[in-house]
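**Student:** sequence first, then the predicted structure, then my questions.
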Amino acid sequence: MRWAAATVFLLAPPSPVTSIGGDRNPDGSITVFWTLPSDPSVAGIWIERERLDGPDDLVIFDISAPVTSFTDASTRPDRSYRYWVFTSNSQGELSLTAAYLEVIALEDLDDDFEFWECHVSSSARPPGPWGAVGAVTLAVLAWAGARRAVKR
C-alpha cells in the first residue's frame, strides 16, 4: 500500500511558476524571467512561443533544468509574441497552468520598432493526450503493485 501511495504522489503535475516578466535586450533578443515555485518535483522548464501578429508560428523550448530565465535570440523586432512558461517534472509532465507574457512590437515615430510587455497572467491549459495516457498507465501499474503486495 505504501508503494501505491508514493506512485500516486509522483503522478501529480508540478506546481506552476509564480510570476513572470520580460525585457528587450539591446541586440533585439527577448529575455523572459520567472519565479520558480517551492516544489521539489520541478526539474525543468517548457516554454511555448507563438506569434501574435501573423500566421501561426509555435516554437517550443524545452529546458532540462529548473532555471529562472531564458533569452530568445530568434525574435524579430517587427513581430509580437506570447510566451507560455510551464514547469516540468522528471517524468516530463507539465504544470496544469502556465504564466504568460505578451511582448508587443509598436512602431515609434522614427519608424523603428520597440518592444514592450502588454499582459502578464496565468491560464489553465489542458494536458495533452500523451500526458493522460502516461498517468493512466502509471496508475494501473501502481494498483497492480498494491494488489500484489496485499496478496503476499
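**Tutor:** Everything's here; your move. Computed from a prediction, not measured in an experiment: that's the story for all the values here.

**Student:** from now on I want contacts and neighbour counts done on CA atoms only, so please keep to that.
**Tutor:** Will do.

**Student:** give the contact list for the closest residue in space to residue 69 that isn't next to it in sequence.
**Tutor:** The shortest distance from residue 69 to any non-neighbouring residue, by CA to CA, 6 or more residues apart in numbering, is to residue 33 (4.1 Å). Applying CA atoms under 8 Å, 6 or more residues apart in numbering, we find residue 33 in contact with 20-22, 68-70.

**Student:** and residue 33, which of the three is it?
**Tutor:** Secondary structure state of residue 33, per DSSP: H, G, I helix; E, B strand; the rest coil, is strand.

**Student:** how near is it to residue 100?
**Tutor:** Residue 33 sits at a distance of 11 Å from residue 100 (criterion: CA to CA, to the nearest Å).

**Student:** anything in contact with each of these two?
**Tutor:** Shared contacts of residue 33 and residue 100, counting by CA under 8 Å, 6+ apart, come down to residue 20.

**Student:** show me what the residue nearest to residue 69 is bridged to.
**Tutor:** When bridges are called by DSSP bridges, residue 33 pairs up with residue 21, residue 69.

**Student:** tell me the pLDDT at it?
**Tutor:** Per-residue pLDDT puts residue 33 at 94.
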